[in-house]
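**Student:** Provided below for reference: sequence and predicted model.
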Amino acid sequence: MDILRQYQNVDASHRGASVAIGNFDGVHLGHQKVLDLARKGPGPLGVLTFEPHPREVFVPDAPPFRLMSATARANRLAKLGVETLFELSFNSDLSSLTAREFAKSVLADGLGLSRVVVGADFCFGKGRVGDVAALQAYGTEFGFEVIVADILQGDTGAAVSSTNIRKALSDGNPRAAAAMLGHWHRVDGPVVHGEKRGRELGFPTANMNLDGLHLPKLGTYAVLVDVLEGPHSGSYHGAASLGVRPMFNGAVPNLETFVFDFKGDLYGTPLSVGLVDFLRPEQSFDSIDALIAQMDADCRQARTILEAL
């Protein structure tokens with residue numbers, strides 16, 4: 001998959017694409033529906049998105065909200081067959097374009113798109129004043145087809161949306177999140193050095209940063225672990241602590257995963273950890289022995305859950 005970060009001077013080989021537009025945070029089933037409509041278009045399949053996320057620009061002090069990093073999003077889109085990712089830099093120049101300027105300068109003249117697919121709630125242009133009706137009118141004027149996808153409803157009747165997925169994760173319900181995502185919610189990234197306490201307790205963990213990501217409910221989870229590179233590449237089961245480690249006066253949340261039946265060095269290795277079930281909230285214990293006993297119980301429970309998948 002090719003990644004382009006500007007809409008000016010686009011090579012002829014990348015013009016004429018059939019493109020789905022959106023933030024694609026999580027790449028959930030609603031996003032995949034939009035992608036499927038773009039896939040049926042006359043040109044190569046593309047996605048048009050923005051980096052950083054516009055909310056990070058307009059509300060820089062907001063708590064972290066992203067379901068996945070830009071790298072994880074790109075990897076997921078590539079797996080879904082996207083040929084070109086137009087990951088445009090969301091800066092003052094782009095954000096100042098009116099709806100008409102965006103349609104003409106970016107979609108038509110800049111990228112030369114053949115088909116544009118958006119969700120029914122899509123807004124664009126400075127102040128988000130452009131809606132799907134405006135986009136359809138501009139498509140007719142500037143020569144690109146516009147397809148509008150209905151908002152996908154989940155099994156419960158609620159919209160499949162990044163907002164509702166965040167809520168499910170905040171509630172400690174990763175299976176509800178997975179039902180909207182079409183896959184387990186995952187934390188992707190390299191293994192970093194920690195304080196080595198897990199090793200001292202008999203539970204060596206692979207530690208991962210959560211910088212910039214929406215925090216699921218803090219606590220212990222049954223997880224699926226994919227080691228993406230190196231001599232230990234493969235899929236494993238595990239139990240993970242997501243939180244601040246109150247027993248040891250931690251302050252910065254991270255993800256610490258104990259990989260079952262594993263021996264080896266994973267430092268620097270990229271992992272993808274899927275949250276399957278929430279086991280219990282974070283808590284402090286009266287003693288280290290009590291903590292170890294609870295970790296043993298957590299691992300037994302996680303093994304039972306994961307073996308039943």
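**Tutor:** Thanks, I have it. Just so it is clear, the structure is predicted and the values come from calculations on it, not from any experiment.

**Student:** need the contact list for the residue nearest the centre of the chain.
**Tutor:** Most central in the chain under C-alpha atoms, centre = their mean is Met68, positioned 2.7 Å from the mean C-alpha point. Shown in contact with Met68 (C-beta atoms under 8 Å, 6 or more residues apart in numbering): Asp25, Gly26, Val27, Arg76, Arg186, Asp188, Leu213. The way it works is simple: take the backbone N, C-alpha and C, and place the C-beta from them, glycine included.

**Student:** Phi and psi next, for the fifth one.
**Tutor:** In terms of degrees, to the nearest 10, the main-chain angles of Arg186 are phi -120, psi 150.

**Student:** That one touches Val276, doesn't it?
**Tutor:** No - in this structure, Arg186 is not within contact of Val276 by C-beta atoms under 8 Å, at 10.6 Å.

**Student:** Give me the secondary structure label for Ser235.
**Tutor:** strand (DSSP: H, G, I helix; E, B strand; the rest coil).

**Student:** so where's this structure shaky on pLDDT?
**Tutor:** The chain contains residues with pLDDT under 70 at 196-200, 246-251.

**Student:** export the biggest strand by length in it as PDB, just CAs?
**Tutor:** When the chain is parsed with DSSP state E, its longest strand is strand 270-281. In PDB, the C-alpha atoms belonging to strand 270-281 read as follows (Å, rounded to 0.1, in the frame of the first residue of the first chain):
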ATOM      1  CA  PRO A 270       6.300  -5.200  17.800                       C
ATOM      2  CA  LEU A 271       3.300  -6.900  19.400                       C
ATOM      3  CA  SER A 272      -0.400  -6.700  18.800                       C
ATOM      4  CA  VAL A 273      -2.400  -7.400  21.900                       C
ATOM      5  CA  GLY A 274      -6.200  -8.100  21.600                       C
ATOM      6  CA  LEU A 275      -8.400  -7.500  24.600                       C
ATOM      7  CA  VAL A 276     -10.900 -10.400  24.900                       C
ATOM      8  CA  ASP A 277     -12.500 -10.200  28.400                       C
ATOM      9  CA  PHE A 278     -12.200  -7.900  31.400                       C
ATOM     10  CA  LEU A 279     -11.400 -10.000  34.500                       C
ATOM     11  CA  ARG A 280     -11.200  -7.500  37.400                       C
ATOM     12  CA  PRO A 281     -10.500  -3.900  38.100                       C
END
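
**Student:** Name the residues of that strand that are buried.
**Tutor:** Pro270, Leu271, Ser272, Val273, Gly274, Leu275, Val276, Asp277, Phe278, Leu279 (16 or more other C-beta atoms under 10 Å).

**Student:** and what of stretch 35-53?
**Tutor:** Neighbour counts over stretch 35-53 (16+ other C-beta under 10 Å) mark 35, 37-39, 41, 43-51, 53 as buried.

**Student:** swap in stretch 12-31?
**Tutor:** 14, 16-31.

**Student:** what about that stretch, distance to the chain center?
**Tutor:** 14 Å (C-alpha atoms, centre = their mean, to the nearest Å).

**Student:** cool, and stretch 4-17?
**Tutor:** 25 Å.

**Student:** what comes into contact with it?
**Tutor:** Contacts for stretch 4-17 (C-beta under 8 Å, 6+ apart): 2, 42-46, 51, 83-89, 105-106, 110-114.

**Student:** Ok, stretch 132-139 next?
**Tutor:** 99-100, 103-104, 107-108, 116, 118, 120, 122, 124-125, 130, 145-146, 148.

**Student:** mind redoing it with 10 Å?
**Tutor:** Under the contact criterion C-beta atoms under 10 Å, 6 or more residues apart in numbering, stretch 132-139 has outside partners 21, 99-100, 102-104, 107-108, 113, 115-116, 118-125, 130, 144-149.

**Student:** what's the span of stretch 5-15, first residue to last?
**Tutor:** 14 Å (C-alpha to C-alpha, to the nearest Å).

**Student:** returning to what we had before: mind checking which of the buried residues of stretch 35-53 are in helices?
**Tutor:** In helices, defined here by DSSP state H, the members of the buried residues of stretch 35-53 are Leu35, Leu37, Ala38, Arg39.

**Student:** Could you measure from the second one over to Phe262?
**Tutor:** Think Leu37. 42 Å (C-beta to C-beta, to the nearest Å).
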